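[1] After the sequence you'll find the predicted model.
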Amino acid sequence: MKNFKFFDTWMSIILITVFLIASVINMDETFIYGYFVVGGWQIISMVIHAINGWFTAKGSIRILYHWVVAIVIALTILGLLVYPILYLMLFILLFAAPIMAIVYTTICYDETYRKMVRPLDLIK
């Protein structure tokens with residue numbers, strides 16, 4: 001688990017940074033690709049965490065985040081039937097998705113570097 005958490009945290013940080021810089025340099029649709037790549041990576045990470053039960057105790061911030069993402073996905077799917085909901089969700093996600101990516105990366109970073117630290121490692 002420790003290796004995956006380390007890789008997961010840094011992969012999210014690297015992907016966000018690379019797509020942010022590439023979007024500023026290219027000034028084209030690169031930021032849209034970034035939404036899908038970063039979001040896809042984080043969805044895969046969430047599924048792996050849920051399957052393995054890592055940091056998914058009742059009331060944890062990760063479980064709360066999983067529920068928020070599930071609601072967003074459900075509303076987006078509902079939007080396929082009711083187009084005004086879809087347009088609203090896509091508009092909201094245009095601004096919320098980057099914030100959600102940063103929040104998820106922060107959750108991963110906290111789990112990796114604060115919650116998984118052994119007590120004796122804190123003594124210096």
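    Arrived safely, thanks for sending. Since this is a predicted model, take the numbers as computed values, not measurements.

[2] use CA for all of it now, contacts and neighbours both
    OK.

[3] Please name the residues that touch Gly39.
    Shown in contact with Gly39 (CA atoms under 8 Å, 6 or more residues apart in numbering): 97, 101.

[4] The helix or strand hosting Ala70 - what's its average pLDDT?
    Per DSSP states H and E: Ala70 is located in helix 61-79. In this model, helix 61-79 carries a mean pLDDT of 95.

[5] elements contacting it?
    helix 83-110 (3 or more CA pairs under 8 Å, 6 or more residues apart in numbering; DSSP states H and E).

[6] Can you mark which positions in the helix holding Ala70 are buried?
    62-63, 65-66, 75-76, 79 (16 or more other CA atoms under 10 Å).

[7] Local confidence estimate at His122?
    Just so we're on the same page, residue 122 is Leu rather than His. Note on Leu122: pLDDT of 56.

[8] I'd like the buried residues of helix 61-79 laid out as TSV, including distance to Tyr109.
    Below are the buried residues of helix 61-79 laid out as TSV (distance: CA to CA, whole Å):
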residue	distance to Tyr109
Arg62	12
Ile63	16
Tyr65	14
His66	16
Leu75	28
Thr76	28
Gly79	33
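
[9] Tell me how far Leu15 lies from Ile63.
    23 Å (CA to CA, to the nearest Å).

[10] same deal with Ile16?
    22 Å.

[11] before we move on, what about Gln42?
    Remark: distance between Gln42 and Ile63 (CA to CA) = 14 Å.

[12] What of Ile51?
    Ile51 is 12 Å from Ile63, by CA to CA.

[13] what's the neighbour count on Ser60?
    The tally of other residues near Ser60 (other CA atoms under 10 Å) stands at 11.
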